[in-house]
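In: Provide a 3D model corresponding to the input given below.
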Amino acid sequence: MWTKEQIRDHKKASRNLIKIKDLAFQHIKENNNISEYELQQFITKKIAEMGMIMDNDPPIVAFDEDSATPEFYPKKESKRLKQNTFILIDLWAKLNKKDSPFADITWVAYYGDNIPENIKKIFDIAVLARENTLNFIKECLKNKKSPPTGKDADNACSSVISEAGYKENILHNTGHSLGIDDDHGPEPNCLRKESNAELSRGVGYTIEPGIYFKSKFGIRSEIDFYISEDNKLIITTDMQKEIVRL
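Out: Predicted coordinates:
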């Protein structure tokens, strides 16, 4: 269980990541020929400027079909922004202090005039899956007075995507705990179908439903939360409700 100081550190890291996300989207608008790698380096620089550190992996920045790979790390020679580009960024970091926990978010945007209907449709399904997971956890805390298992929380998310006809397009688990030394916390604290352990109170988690289409695009919406000692679900990041149009 995190201490009160660790929860405060996590919330501060979460607020910082939201600010960096906003700066990254503004930077795109001001640099309409930017590459994936250049945007990744901009985000990395801002993380350091805000007194935070990452783990061994850099932020994920993916344009168009590159977003269909859940863990895509651009190389120096990478895609450049052009009109009508879909954008996914995934960034995680922690305050640069001992025992401070990570925060982790994923947002998507579109650089162009009109967001394609197929992208909007899949984004809406991901948001619905995210909301269903949150509501399921809240109901468990209200009615059972205890957190659900990681398996049941994962099912609350994946069932929405599966019922929409995209079961085969789920390429990773619903979420993971947030660590101290690494973005991913220790097992068995995770939201996945193999986890029969209850989610822990006082520990941060992600919910990050993803739907991916090979060689086309991938959608992911990621937020952070924790369960308080008095059985309240506390969301610590902003929740994306619409695709950001740049």
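In: By mean pLDDT, which helix or strand of the protein comes out lowest?
Out: Of all helical and strand segments in the chain, the minimum by mean pLDDT, DSSP states H and E falls on strand 190-191, at a mean of 90.
In: so what does it touch, helix or strand wise?
Out: For strand 190-191, the packing partners by 3 or more Cβ pairs under 8 Å, 6 or more residues apart in numbering; DSSP states H and E come out as helix 150-163, strand 175-176, strand 205-207. All C-beta atoms are positioned from the backbone trio N, CA, C, and that covers glycine.
In: Counting residues, which helix of this protein comes out longest?
Out: helix 4-30 (DSSP state H).
In: Show me what secondary structure element comes after it.
Out: Following helix 4-30 in sequence order, the next helix or strand is helix 36-49 (DSSP states H and E).
In: helix or strand right after that next one?
Out: Per DSSP H and E, the first helix or strand lying C-terminal to helix 36-49 is strand 52-53.
In: With mean pLDDT and mean neighbour count as extra columns, can I get the helices and strands packed on strand 190-191 in TSV?
Out: TSV is the format used below for the helices and strands packed on strand 190-191 (pLDDT from 0 to 100; neighbours: other Cβ atoms under 10 Å):
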stretch	mean pLDDT	mean neighbour count
helix 150-163	97	21
strand 175-176	96	26
strand 205-207	97	27
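In: Turn those into TSV, including distance to residue 64.
Out: Putting those into TSV (distance: least, Cβ to Cβ, whole Å) gives the following:
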stretch	distance to residue 64
helix 150-163	21
strand 175-176	26
strand 205-207	24
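In: Residue 34: which of the ones you listed is closest?
Out: strand 205-207 (26.9 Å; Cβ to Cβ).
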